[in-house]
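> Got a predicted model here, sequence first, then my questions.
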Amino acid sequence: MTGFHSVYGSSPEGVWEAPGRVNLIGEHTDYNDGFVMPLALPQTCRVEAARRDDGVLRLHSADTSGGVTELRVDTLGPQSPGTAGDRGGWAAYPAGVAWALRAAGHQVGGADLHFESSVPTGAGLSSSAALEVATAVALDGLYGLGLPPHRIAELCRRAENEFAGVPCGVMDQMASACCTEGHALYLDTRDLTRRQVPLDLAAKGLRLLVVDTRVKHALGDGAYAERRAGCEAAAAELGVPSLRGVTPGELPSALGRLTDASLRPLVRHVVTENERVARTIRLLDAGETHAVGPVLTEGHASLRDDFRVSCPELDLVVEASNTAGALGARMTGGGFGGSAIVLVREDAAESVAKAVAEAFAEAGHRAPSVFEAVPGPGARRVTDA
Ligand code: GAF
């Protein structure tokens, strides 16, 4: 018996899946119209779903206690009390997606949805985006909307911003909806132009490790929003629509023009990070994947020292990995906890992972969880039932 059947007493019409992600490079650039390069993880949010004709949306997750959340789709709204739009709990994400689809004029009615996710939560691996995108592709399938993946991503981002109240950029939803197996997604977040970049690490004798520090992060808290507001204030003072409008060559003069000194490191990070994405794509196109390592480490230093979104555990992953012979490492995602990625030669993967675990034990930190990231596919229908 499927989870859906045991909750709702009937069979689902279909099963859909959407992955979590890690971002190779391009951090805190997406809300500055910049460049990012995420890849989809094998861990996914899976949803079994069936259409309902009475306008009722029922939501159930195997990963949380609390039973079934029941809502009417025609009463959903970011501000309506008593709906999931009260911003409490996981159900705000799928409910927000139903709201965003309807707000965009798509004919979406009721549904029964049962979720089960293998994407760790609070680990900076986009469990929320996976939940949103899984909901969107399921509703798209149930109601025959035929939306393209990038449109799914945009609507999911709207749900997260306006319904769940998290001021994120579009990277995570685009990664979950648009990534393809064996590739990183090189994305210009200003106009969503993108390219699938082959990333066959094994063929190069390399591995990409994900180290989840198990320090929980929450994007909803003030620090992410503060960084975003700082970037917007700097862009306004510099007279550009976003920090994307500042080129590396213009950086020194831009920094000099900012009257609020606390904004300078934010600008420096965003401008240099966009340049690191450009360098990374050049290296990957030239087949020099191993040379991406130092770019990752440089990006980490910028996130730690200029953007100030790292934490001691993430810094320790980077330091211990590099000391043990990794090619490079950096925090990935929003920061303030969560995960780091480590690029390593295959024959050093085990010793590097061991060195990180030992460094954590010595520092008195909880043991991290380490796994390998192999670029997986984006959101998809898995089966009819
Ligand atoms: C989080 C956000 F959701 C993304 O939009 C992005 O800003 C990222 O942090 C930082 O690059 O994952």
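Sure thing, it's come through.
> Number of residues surrounding the spatially closest residue to residue 72 that is not a sequence neighbour?
With CB to CB, 6 or more residues apart in numbering as the criterion, residue 72 has its nearest non-adjacent residue at 5.5 Å, and that residue is residue 55. The C-beta positions use only the backbone N, C-alpha and C, and glycine is treated the same way. Around residue 55 there are 14 other residues, counting by other CB atoms under 10 Å.
> The stretch 251-385 of the chain: strands as residue ranges?
For the stretch 251-385 of the chain, strands defined by DSSP state E, counting those that start in this stretch occupy the ranges 328-332, 339-345, 369-372, 380-383.
> any chance of these in CSV, plus distance to the ligand?
CSV is the format used below for these (distance: least, CB to the nearest ligand atom, whole Å):
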stretch, distance to the ligand
strand 328-332, 8
strand 339-345, 11
strand 369-372, 18
strand 380-383, 22
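> Between those, which one is closest to residue 303.
Closest of the strands of the stretch 251-385 of the chain to residue 303 is strand 328-332, at 5.8 Å (criterion: CB to CB).
> and that closest one, what other elements does it pack with?
Where contact means 3 or more CB pairs under 8 Å, 6 or more residues apart in numbering; DSSP states H and E, strand 328-332 is packed against helix 292-305, helix 312-323, strand 339-345.
> Up against the ligand, what does the stretch 1-150 of the chain have?
Contact residues (CB under 6 Å from any ligand atom) of the stretch 1-150 of the chain with the ligand: 27, 28, 30, 31.
> out of everything not next to it in sequence, what's closest to residue 248?
Using CB to CB, 6+ apart, the closest residue to residue 248 is residue 275 (4.9 Å).
> Verify the stated contact: the one you found with residue 249.
No. Taking contacts as CB atoms under 8 Å, residue 275 lies outside contact range of residue 249: 10.1 Å.
> Compare those two and say which is more crowded by neighbours.
More neighbours surround residue 275 than the other of residue 275 and residue 249, with 16 against 9 (other CB under 10 Å).
> Return the distance of stretch 375-385 from the chain's centre.
Relative to the centre of its chain, stretch 375-385 is centred 18 Å away, using CA atoms, centre = their mean, to the nearest Å.
> and that stretch, what's its mean pLDDT?
Averaging pLDDT along stretch 375-385 gives 90.
> same question, stretch 344-360
The pLDDT scores in stretch 344-360 average 98.
> same thing with stretch 190-206?
For stretch 190-206, mean pLDDT is 98.
> So is it next to the ligand?
No. Using CB under 6 Å from any ligand atom, stretch 190-206 never reaches the ligand; the gap is at least 13.5 Å.
> Use 784 as the first number for this chain going forward.
Will do, 784 is the new start, and the previous item becomes stretch 973-989.
> buried stuff in that stretch?
Across stretch 973-989, burial judged by 16 or more other CB atoms under 10 Å covers 977, 980, 982, 984, 989.
> If anything else comes up later, I'll come back, but that's it for now.
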